[in-house]
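Visitor: Build me a model from this:
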Amino acid sequence: MDRSLKDKSYYEEQKHVNRLITLRRLVDGGYFQSTRQVIVDSEWPSIPRFCRVICSMTNLEKLELLHLKMTLTEDLALLFQSCPKLTELHLRLCDSNRFDRQMLESNEELLSELRSGFERLRFFELKWEINSWPVIQGIFT
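Guide: Numbers count the residues shown, from 1 in each chain. Just a heads-up that it's a prediction; the model follows:
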C-alpha cells in the first residue's frame with residue numbers, strides 16, 4: 001500500500017486538499033453562480049483556501065458552517081464583504097477558534113465590516129463550546 005494509507009494524518013490532509021480542488025473547479029466552472037445556500041459540516045484544515053471558495057459565491061443568502069476552525073475576525077469579515085446577499089448565518093464552531101480582541105479593537109476597518117455584516121443578517125445562530133458572548137460583545141461595543 002502507499003504512504004497515504006499508512007500515515008493517517010497525511011491521508012486526511014490529502015482528502016481535504018482533493019475536496020478543495022474539486023470545489024474550486026466547480027466554482028471556476030460557474031456551477032455555483034446561482035447558489036443561494038451552502039451547508040458545510042467538516043473540519044477543514046485549510047480554512048483560508050476554503051473561505052476563498054465560499055467567498056466566490058456572491059449570490060449566497062444562507063450559510064451554515066459546522067465544526068470549522070476559523071477565526072471570528074478576519075474570516076468572518078471576508079465572508080461578509082464577499083457575500084453581500086448573505087442574510088442568514090449559522091455557525092457551530094470548534095473550541096479552537098480564535099478571537100483576537102486586541103486586533104479587533106485596533107482595526108477599525110475590520111470592526112466596521114463585521115458590524116455591517118451582522119446588521120445585514122436577518123437570522124444569526126452561534127453554537128460554540130466556549131462562552132461566545134465576549135466575541136459578539138467585542139464586535140458591537
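Visitor: make it CA atoms for all contacts and neighbour counts henceforth
Guide: Will do.
Visitor: After the lowest-mean-pLDDT helix or strand in the chain, which helix or strand is next?
Guide: Lowest mean confidence among the helices and strands of the chain (mean pLDDT, DSSP states H and E): helix 3-6, at a mean of 50. Next in sequence after helix 3-6, counting helices and strands by DSSP states H and E, comes helix 8-28.
Visitor: Can you report phi and psi for V38?
Guide: phi -130, psi 140 (degrees, to the nearest 10).
Visitor: All the strands of this protein, in order from the start?
Guide: 37-41, 62-68, 88-93, 123-128 (DSSP state E).
Visitor: Now tabulate those in JSON lines and tack on mean pLDDT.
Guide: Converted to JSON lines, those look like this (pLDDT from 0 to 100):
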{"stretch": "strand 37-41", "mean pLDDT": "83"}
{"stretch": "strand 62-68", "mean pLDDT": "83"}
{"stretch": "strand 88-93", "mean pLDDT": "86"}
{"stretch": "strand 123-128", "mean pLDDT": "83"}
